[in-house]
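Visitor: give the three-dimensional model of this entry:
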Amino acid sequence: MLTTKRRIARRVSLAALILSFVLTAASTSWLSTTTADSQRLLKVMTRNMDEGTDLDFVLNATTFDDLLNAVADTYLEVAASNIPERAAGIAREIQSSLPDFVGLQEASLWRTGPLGGPATETAFDPLQSLLDELDRLGLRYSPAAIITNFDFELPSALGFDVRRTDRDVLLARADLDASELKLSSIRAQHFQTTLPIDSPLLGHLEVPSGWISAEKSAA
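Guide: Below is the predicted model of the structure:
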């Protein structure tokens, strides 16, 4: 059940990010006039970066010892998913189509720290991995907005705390003149409705999800 809820939440987050952008863009027109005789069609890409886990180990833990092992297993599962390599794959997709905007879901930041916290040392950062690879490919993109969703820190059997911060991101091309691409009214907010999850050990959780929108305005 928890896995099913998680997948539903991903679809909702993805659909909301796309819908909010499409509706906003539609209100200002998809086409941007760059000269008196030409028009430029905006390109939009969206990708779920897949953090490499559904958090089932953690959410289904029934004792504290179970939780310590569950957090350790989750951390190792994320490490095995090879976030930098997968981010490089997305960078190559971006290189092939050069979208003006890229919506990213599950760009979760994973950090570690001493037992009891705080966990401040970055272990896995898919957003930074993607930006580094884009830079290596000679492509200039920058975050237009980042929204933080579910954020938690727990101890692990590995001897350190693990913190996971779920994020949605809107990237925009940074190599275009303002006459070609200029953003305004950038907004990033949470939905009022949250995803309820009941965990045997952690209790009742209300998981937030968010949306990002931006208007393409005339220079």
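
Visitor: where in this protein is pLDDT low?
Guide: Flagging of the chain using pLDDT under 70 yields the residue ranges 1-40, 217-219.

Visitor: can you show me the helices along it?
Guide: 2-28, 56-59, 64-80, 83-97, 126-136 (DSSP state H).

Visitor: could you measure from the residue lying closest to residue 188 once chain neighbours are set aside over to residue 134?
Guide: Leaving aside its chain neighbours, residue 188 sits nearest to residue 147 (4.0 Å; criterion: CB to CB, 6 or more residues apart in numbering). (C-beta placed from N, C-alpha, C; glycine too.) Distance of residue 147 to residue 134, computed by CB to CB, to the nearest Å: 20 Å.

Visitor: follow-up on the earlier one: who does the residue nearest to residue 188 bridge with?
Guide: residue 168 (DSSP bridges).

Visitor: my guess is it contacts residue 166. True?
Guide: No: the pair residue 147 / residue 166 is not scored as a contact, 9.3 Å apart, by CB atoms under 8 Å.

Visitor: out of the two, which sits in the busier spot?
Guide: residue 166 (23 against 19; other CB atoms under 10 Å).

Visitor: tally of neighbours for the closest residue in space to residue 175 that isn't next to it in sequence?
Guide: Nearest residue to residue 175, sequence neighbours excluded (CB to CB, 6+ apart): residue 140, at 4.1 Å. Using other CB under 10 Å, residue 140 has 12 neighbouring residues.

Visitor: measure residue 140 to residue 180 for me?
Guide: Distance from residue 140 to residue 180, by CB to CB: 13 Å.

Visitor: quick one: residues contacting the nearest residue in space to residue 64 that is not next to it in sequence.
Guide: Spatial nearest neighbour of residue 64, chain neighbours left out: residue 201 (7.4 Å); criterion: CB to CB, 6+ apart. With contact taken as CB atoms under 8 Å, 6 or more residues apart in numbering, residue 201 is in contact with 61, 62, 63, 64, 66, 67.

Visitor: at 7 Å what do you get?
Guide: 61, 62, 63, 67 (CB atoms under 7 Å, 6 or more residues apart in numbering).

Visitor: what's the burial count for residue 133?
Guide: So residue 133, with other CB under 10 Å, has 20 neighbours.

Visitor: residue 86 is in contact with that one, correct?
Guide: No: Residue 133 is not in contact with residue 86 according to CB atoms under 7 Å; the separation is 10.3 Å.

Visitor: how near is the residue nearest to residue 64 to residue 186?
Guide: Counting by CB to CB, the gap from residue 201 to residue 186 is 39 Å.
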